[in-house]
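S.K.: heads up, no residue letters with this:
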């Protein structure tokens with residue numbers, strides 16, 4: 001009897017702690033959903049934003065990249081800060097900033113204000129994204145962690161899945177501003193849940209912030225993206241572009257030197273000695289640059305070339321995006337067993353999907369994209385949980401903030417670079433196609449076609465009767481070019497995953513982990 005009475009409080013405490021941890025996971029997934037849906041939800045609204053705010057093609061790229069750039073540039077620092085002062089504090093701070101920035105985005109009076117507000121969103125998103133996997137790592141171990149990561153991976157897929165649909169509904173029904181206003185109630189609810197259900201765990205050995213690493217890495221990434229975005233307009237051999245790209249290279253070298261000299265760097269370069277880390281990093285960057293960066297251009301094609309409304313375009317992306325949500329749930333038991341093979345297979349299927357979408361013409365219907373979209377959905381659904389599992393499996397638990405930051409930096413950094421690079425290639429291909437049809441330099445018309453499709457081309461040429469067919473053909477030519485390039489990039493990531501990611505290092509790391517968050521850690525609220 002006495003044993004029963006003494007066990008009752010313990011059982012109650014365990015049950016309460018288990019409920020707390022799963023509520024914390026709901027908050028983590030809610031924040032992750034919000035920050036990632038703001039990539040896909042915005043893509044659907046870009047054509048309307050272009051019209052309402054009189055934005056150029058480069059402006060539209062910046063609407064995506066201002067967010068992705070600050071997000072990727074600050075994830076590493078946010079992860080290091082989380083290890084130092086506590087993941088809960090950094091996570092909630094990011095939530096507050098992201099929610100406020102969403103309000104500013106919806107109130108934007110012009111495209112410049114929107115781009116700046118999107119950059120501010122990225123600051124908040126970095127704090128949330130950097131700590132998401134770290135919070136999962138501190139709360140869950142063993143089979144529970146696999147389930148938690150599967151839920152997180154499904155959330156990532158769900159954000160991709162529902163983003164186009166919500167974006168289309170809000171843009172058509174209430175206006176594009178509401179794609180940002182919808183974040184406010186979600187953000188407030190997630191903040192309340194995080195304040196009451198999370199514990200604040202930190203790395204006791206964490207030291208001061210790596211300011212040299214922050215400045216050099218952020219500067220290198222900004223200059224690289226800026227150069228890629230402005231290269232077509234200014235000329236790739238111009239003094240400005242050459243100087244900017246050279247500056248990016250110099251700052252990247254400075255970043256590597258700074259990290260080698262730091263006793264506790266925000267980016268631990270010694271991880272490159274681990275084959276699995278190298279493989280998952282290359283694969284994560286590849287899927288960001290080759291596939292996630294493709295979604296804005298698929299949206300442009302559906303709306304600007306084929307003439308669909310935002311809602312109609314979003315619905316036609318659902319075959320791919322719904323599968324990115326469903327597949328992680330169906331295959332969750334595979335994640336801890338064969339992460340490298342799962343990741344490689346997922347990226348190979350994604351690359352095949354991009355290849356199948358290649359070959360569209362001026363007269364193509366959207367259904368020609370359907371087989372490729374289905375394969376892309378399956379591939380991304382397989383890859384997302386594997387990336388998370390491997391990223392957490394190659395470092396000690398106390399450095400999980402850094403691991404989460406590095407993984408997500410490669411993902412979002414790939415998106416930022418991919419949007420800029422694919423956009424440059426796309427516009428150049430459109431210009432060459434127009435030159436072949438019309439003769440003479442066609443950079444101005446190419447920018448109009450890239451940002452506004454056949455409607456913009458007709459306006460640019462003052463109603464020329466034959467321009468619509470020529471513009472559709474040029475648009476299709478540009479899409480075919482970047483679909484093949486995206487497929488090659490993703491396939492490179494698949495090869496890296498298969499060759500470099502093995503299960504042994506991950507298994508050894510898991511065997512060395514403590515059973516869970518200690519009582520002392522849990523007390524650091």
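M.R.: Perfect, I can see it now. The structure displayed is predicted, hence computed values, not measured ones.
S.K.: quick check: longest helix of the chain.
M.R.: Secondary structure of the chain per DSSP state H: the longest helix is helix 2-52.
S.K.: average pLDDT across whichever helix or strand comes after it?
M.R.: Using DSSP states H and E, the helix or strand that follows helix 2-52 in sequence is helix 57-85. When pLDDT is averaged over helix 57-85, the result is 80.
S.K.: Could I get the contacting residues of the residue nearest the centre of the chain?
M.R.: The structure's the chain has its C-alpha centroid closest to residue 412; by CA atoms, centre = their mean the separation is 4.2 Å. Listed by CB atoms under 8 Å, 6 or more residues apart in numbering, the contact partners of residue 412 are 68, 71, 72, 75, 129, 288. Placement of C-beta: from N, CA and C, glycine included.
S.K.: Who wins on neighbours among those residues?
M.R.: Highest neighbour count within the contacts of residue 412, by other CB atoms under 10 Å: residue 71, with 34 neighbours.
S.K.: And for the nearest residue to that one once chain neighbours are set aside, the neighbour number?
M.R.: In space, and not counting its chain neighbours, residue 71 is closest to residue 122: 4.0 Å by CB to CB, 6 or more residues apart in numbering. When neighbours are defined as other CB under 10 Å, residue 122 has 28 of them.
S.K.: what does residue 249 give?
M.R.: When neighbours are counted by other CB under 10 Å, residue 249 registers 12.
S.K.: do the same with residue 439
M.R.: With other CB under 10 Å as criterion, residue 439 counts 8.
S.K.: Equivalent analysis for residue 275, please.
M.R.: The burial count for residue 275: 17, using other CB under 10 Å.
S.K.: and if you look at residue 492?
M.R.: By other CB under 10 Å, the residues close to residue 492 number 18.
S.K.: Checking it next. Helix, strand or coil?
M.R.: Under the three-state scheme (DSSP: H, G, I helix; E, B strand; the rest coil), residue 492 adopts helix.
S.K.: Could you verify my assumption that it touches residue 286?
M.R.: Yes: taking contacts as CB atoms under 8 Å, residue 492 lies within contact range of residue 286: 5.6 Å.
S.K.: Show me where the stretch 301-450 of the chain has its helices.
M.R.: 310-330, 339-357, 370-393, 400-438, 443-460 (DSSP state H, counting those that start in this stretch).
S.K.: Could you list every helix and strand in contact with the second one?
M.R.: What it means is helix 339-357. helix 275-290, helix 370-393, helix 467-500 (3 or more CB pairs under 8 Å, 6 or more residues apart in numbering; DSSP states H and E).
S.K.: now that helix, how far from the chain's geometric center?
M.R.: 17 Å (CA atoms, centre = their mean, to the nearest Å).
S.K.: tell me the mean pLDDT over it?
M.R.: Helix 339-357 comes out at a mean pLDDT of 88.
S.K.: between it and helix 370-393, how big is the angle?
M.R.: Interaxial angle of helix 339-357 relative to helix 370-393 (axes from the mean of the first three to the mean of the last three CA atoms, to 10 degrees): 160 degrees.
S.K.: coming back round to it: mind telling me what element the residue nearest to residue 71 is part of?
M.R.: helix 111-139.
S.K.: Okay, angle between the next helix or strand after that helix and helix 370-393 too, please.
M.R.: Using DSSP H and E, the helix or strand that follows helix 111-139 towards the C-terminus is helix 142-173. Comparing the axes of helix 142-173 and helix 370-393 via the same axes, to 10 degrees yields an angle of 140 degrees.
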